[in-house]
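> with the sequence up front, the predicted model follows.
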Amino acid sequence: MFDLLVIGGLGVDVRVRVPVLPLPVADSLTVDPVELRIGNTGAGVALAAHALGLRVAVVDVLGADPAGDVVRAALARTGVRPVLLADPVGTRRSVNLVDPAGRRMSLYDPRPWQGPPPLTAAELAVLVRDAAHVHLSIMDWTIGLLPTLRDGLADGAGLSTDLHDWDGENTYHRPFAAAADLVFLSGVRLGDRAAAVAAGLAPRAVVVTRGADGAELHLGAGAPTPVPAAVPPGPVVDTNGAGDAFAAGLIAATLGGAALADAAAYAARVAAAACTHDGMEYPPGLLPTG
């Protein structure tokens with residue numbers, strides 16, 4: 001039995017510290033050592049949840065390549081249970097440009113999945129029914145499995161997804177939202193349309209995250225509940241993965257019985273602490289557990 005099953009979203013981040021964003025036009029820039037490490041959204045949620053004390057499993061596709069070896073080695077250093085399937089086109093990767101304030105720009109190479117799903121709905125259901133909560137990344141290989149995913153949930157188990165910087169219109173994201181009962185969504189591209197987009201996802205609970213400006217909790221009709229950003233417990237060094245840490249914190253708190261508003265406030269503290277660490281492999285005691 002697992003507290004959390006993360007479906008999809010493993011990859012490698014190539015972290016590059018840059019003097020400023022956007023970068024000036026130049027033939028070359030000298031930067032700090034370029035780091036290659038585990039990253040992407042599923043890894044961020046899984047590793048933060050593990051650091052918060054949850055029993056975590058993650059299922060995804062990885063290539064038989066050096067990037068995949070980075071992911072496998074990082075997961076082996078934790079108590080996260082990996083269920084890894086072969087991806088013939090290679091491991092997903094991102095180049096993350098991070099400025100001195102910790103802000104980042106990500107260049108994402110999704111390595112699109114080719115062919116039928118790498119496991120059957122029945123095989124996925126075996127994993128799903130052993131989890132108290134399932135967090136679904138918006139990976140292309142999962143689309144064919146969505147219609148039966150909810151049927152595999154154990155009684156009382158929850159299902160969340162993160163639509164990231166969805167514009168509210170792209171049809172690719174809608175099946176993931178339809179499968180979930182809790183939706184995370186960045187407000188970057190929505191602006192003042194966030195309330196209308198969240199209302200269109202009812203009856204699902206929707207959390208619109210806005211980075212340093214906090215978040216909003218939308219629960220159907222009525223005004224959203226504001227979630228103020230927490231003060232980081234130290235200098236901000238890397239905001240990459242903060243949204244994933246927020247999701248992990250909210251999931252952990254609701255599994256512990258907290259109401260969504262209280263869980264979101266706690267999640268803001270988790271995200272703030274995550275910003276003080278370079279990378280997603282959080283050391284013991286960094287993320288607040290209460």
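That came in fine, so what should we check first?
> now V134, what's its secondary structure?
Assigned state for V134: strand (three-state reduction, DSSP: H, G, I helix; E, B strand; the rest coil).
> surely it and L146 touch.
No: assessed by Cβ atoms under 8 Å, V134 is found out of contact with L146, at 11.7 Å. From N, CA and C alone the C-beta is placed, and that goes for glycine too.
> more neighbours, the two?
In this comparison of V134 against L146, neighbours counted by other Cβ atoms under 10 Å, the higher total goes to V134 at 28 against 16.
> distance of the more buried one relative to R150?
9 Å (Cβ to Cβ, to the nearest Å).
> list residues touching both of those two?
L159 (Cβ atoms under 8 Å, 6 or more residues apart in numbering).
> contacting residues around D244?
T41, A43, G44, V45, A48, D162, M280.
> show me the beta-bridge partners of the closest residue to V18 other than its chain neighbours.
In space, V18 comes closest to L97 once its chain neighbours are excluded; the distance is 5.0 Å by Cβ to Cβ, 6 or more residues apart in numbering. Legend: beta-bridge partners of L97 under DSSP bridges are V16, M105.
> what's near enough to touch L97?
Taking Cβ under 8 Å, 6+ apart as the contact definition, L97 lies against V16, V18, L21, L23, R104, M105, S106, L107.
> swap the cut-off to 6 Å and go again
Contacts for L97 (Cβ atoms under 6 Å, 6 or more residues apart in numbering) come out as V16, V18, M105.
> can you flag the buried ones in those?
The neighbour-count criterion (16 or more other Cβ atoms under 10 Å) marks V16, V18 among the contacts of L97 as buried.
> dump the contacts of L97 into JSON lines; add pLDDT as well.
As requested, those are arranged in JSON lines below (pLDDT from 0 to 100):
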{"residue": "V16", "pLDDT": "93"}
{"residue": "V18", "pLDDT": "93"}
{"residue": "M105", "pLDDT": "89"}
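> show me which of the contacts of L97 is closest to A154.
M105 (39.2 Å; Cβ to Cβ).
> so which elements touch the lowest-mean-pLDDT helix or strand in the chain?
Per-element confidence for the chain was summarised using mean pLDDT, DSSP states H and E. The lowest value among helices and strands belongs to helix 146-149, with a mean of 87. For helix 146-149, the packing partners by 3 or more Cβ pairs under 6 Å, 6 or more residues apart in numbering; DSSP states H and E come out as helix 174-179.
> what's the very next helix or strand once past the helix it packs on in contact with?
Proceeding N to C from helix 174-179, the next assigned helix or strand is strand 182-186, under DSSP states H and E. The contact list for strand 182-186 (Cβ under 6 Å, 6+ apart) reads 160-165, 177, 201, 204-209, 247.
> out of those, name the ones that lie in strands.
Secondary structure from DSSP state E places S160, T161, D162, A205, V206, V207, V208, T209 of these in strands.
> just to revisit the earlier point, can you list the neighbours in contact with the least confident helix or strand of the chain?
Judged by Cβ under 6 Å, 6+ apart, the contacts made with helix 146-149 from elsewhere in the structure are A121, P175, A179.
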